[in-house]
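1. pasting a predicted model and its sequence here:
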Amino acid sequence: MNNSTTKPMPALTSVAILAFIGTLIETSMNVTFPTLSQTFHVNLGTVQWITSGYLMIMALTMMCSAFLQRRYSLINLFDYATAAFVIGALLSLCAQKSFFLLLIGRLIQAGCAGIAIPSMINLTLTIIPIQQVGFYMSTAGMIVNLAPALGPTFGGLMVSIASWKFIFLVTLPIVILTWLLGRKTLLPFSHKGRKLKFPSHQFTLLAIAFLVFNWSFSQFNGGWIIFLILIGLIIVSCLLLWFYNKIRNHTETDLLNLSLFKQKNVRRAFFIYASIQLVNLGVNLVIPNLVQMAQHLSAFKSGLILLPGSLLVALINPLFGKLYDRYGGAKPIGGGLFLMLLGMIGLLIVNQLGIFGELIIVYIIFSIGRTMAFSNILTDTLKHTATTAQADINALFSTGQQLAGSVGSTLGAVLMTIPVNLLANNFQPVLGQAVFLTLLIIILIAIIVNHLLFHPFKNTSE
């Protein structure tokens, strides 16, 4: 797509910054939940939609990414992503006493990351030589993983300095400057899109399926009747997806190519990818809020727990890509999942003690494992996928990533609120154990799936 006289890095940097800011803002509001609950007089289960709703819209937007890449030019997509961020930020800033207005602003703003992240990955695959794709895809994975981890620290700092509104006031000019830079640097890589009809029936079915799936988790309160309703709603979501897969065979344009799941390696890699994001977002939401409630620390101090691990991972992340380029996917992904497991076990242990320093150390271990595995699983899948199907794989995995993150945030918030209704005092250690134990089980399952993924793959490729 580029020529020898065109330098790709400024263009890639513009899209990467927009993706980073869009993802940073995703979790920046997590540490403001207690403040927002008091300001707008709503409970924690309602406030969590600030994050889970954001992730849901990101999932729906990413679901359309393969269509958008074909329909619009890169410049157009860059403009749309910037506009979504700016409009959403302005609406959120206008929310004085209306939680609904704040939520609407957040939902619109989510379109920024939903467009920017797939654009960044597709641009990387287009302009980077195959010999270096592991390194650059690892860096792209770092942006997707690092920004949500830094979000609570950034949000806590803004709340401590002034108010939660500064989260939007600080990021807004950065996005506008990035847009001005990107308009110039992206032009050589932007080609005119094709006229395609948007498959609205497919979109509606998938949107309802995703909404029902996520909403089902938000209704869980520990009772058996609600648990059975949850299972029923999940089955309804699966039936909607099945029906979508039937009607997509009779249309010219697909939003999500679910036929890719016929490949065992794609199914298993997708499960691992989604599981890592679910656990990641759950941990990143729960830790700062637990510390605020249990130890009565400020939003800024509680967000600081995530900062050392996030910064360390940012420094060493290029090594993970080099590990992939040298050894393939099995070792870095398996090693990363094992470190995540150690981190979750550590969280279970230190949660009862509530020691600030130990939480930081455990989160560092968790962060290293999360990024090592997450940044390489998509690279490995794309590397073994035909070029014509890479955009579809990207859309499928990006959608699953955000849907899983939305479920992780919802699950974390809901599991935190259950013990509040069951115990009068001293509930924090109990609710922390419930959340971390649930996430640990998910990591264990991902480790088993990872073993199934690479051993057959090794045998068939050698």
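-> On my side now, so go ahead. What you see is a predicted model, and the numbers here were worked out from it, not measured in a lab.
2. so residue 241 touches residue 209, yeah?
-> Yes - at 5.3 Å, residue 241 counts as touching residue 209 under the criterion of C-beta atoms under 8 Å. Every residue, glycine included, has its C-beta placed from N, CA and C.
3. which of these two has more residues huddled nearby?
-> Shown here are residue 241 and residue 209; by other C-beta atoms under 10 Å, residue 209 has more neighbours (20 against 16).
4. host element of that one?
-> helix 200-218 (DSSP states H and E).
5. next, the angle from the helix or strand following that helix to helix 200-218.
-> Downstream of helix 200-218, the next assigned helix or strand under DSSP H and E is helix 224-247. On the basis of axes from the mean of the first three to the mean of the last three C-alpha atoms, to 10 degrees, helix 224-247 is oriented at 160 degrees to helix 200-218.
6. any idea which helix or strand comes after helix 224-247?
-> Following helix 224-247 in sequence, per DSSP H and E, is helix 264-295.
7. run the chain-centre distance for that following helix.
-> From the chain centre to the centre of helix 264-295 is a distance of 9 Å (C-alpha atoms, centre = their mean, to the nearest Å).
8. pLDDT averaged over the helix or strand where residue 167 lies - what is it?
-> Assessed by DSSP H and E, residue 167 sits inside helix 166-185. Regarding helix 166-185, the rounded mean pLDDT is 92.
9. residue boundaries of the helices in the stretch 301-450 of the chain?
-> 307-327, 330-353, 356-383, 390-422, 428-461 (DSSP state H, counting those that start in this stretch).
10. so for the first one, what gets flagged as buried?
-> Along helix 307-327, the positions that meet the burial threshold by neighbour count (16 or more other C-beta atoms under 10 Å) are 307, 309-311, 313-314, 317-318, 320-321, 323-325.
11. on that earlier part again, need the helices of the stretch 301-450 of the chain in a markdown table with mean pLDDT and distance to residue 94, can you?
-> A markdown table is the format used below for those (pLDDT from 0 to 100; distance: least, C-beta to C-beta, whole Å):
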| stretch | mean pLDDT | distance to residue 94 |
| --- | --- | --- |
| helix 307-327 | 82 | 30 |
| helix 330-353 | 88 | 38 |
| helix 356-383 | 86 | 35 |
| helix 390-422 | 76 | 24 |
| helix 428-461 | 74 | 34 |
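12. mind checking how far residue 450 is from residue 329?
-> 9 Å (C-beta to C-beta, to the nearest Å).
13. now residue 93
-> Taking C-beta to C-beta, one finds residue 93 at 43 Å from residue 329.
14. and those two? which has more neighbours close in?
-> It is residue 329, of residue 93 and residue 329, that has more neighbours when counted by other C-beta under 10 Å, with 24 against 17.
15. nearest spatial neighbour of the more buried one, chain-adjacent residues omitted?
-> In space, and not counting its chain neighbours, residue 329 is closest to residue 380: 3.5 Å by C-beta to C-beta, 6 or more residues apart in numbering.
16. now do the one you found: how many residues are near it, please.
-> For residue 380, the neighbour count with other C-beta under 10 Å is 22.
17. hmm, who's touching stretch 284-294?
-> Residues from elsewhere that reach stretch 284-294 (C-beta atoms under 8 Å, 6 or more residues apart in numbering): 27, 30-31, 33-34, 48, 51, 148-149, 151-152, 156, 297-299, 301-303, 305-306, 347, 351, 354, 356, 359, 363, 408-409, 412-413, 415-416, 428-429, 431-432, 435-436.
18. buried subset of those, written for ChimeraX?
-> Burial among the contacts of stretch 284-294 is assessed by 16+ other C-beta under 10 Å; the matching ChimeraX selection reads:
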select :27,30,31,33,34,48,51,148,149,151,152,156,297,299,301,302,303,305,306,347,351,359,363,408,409,412,413,415,416,428,431,432,435,436
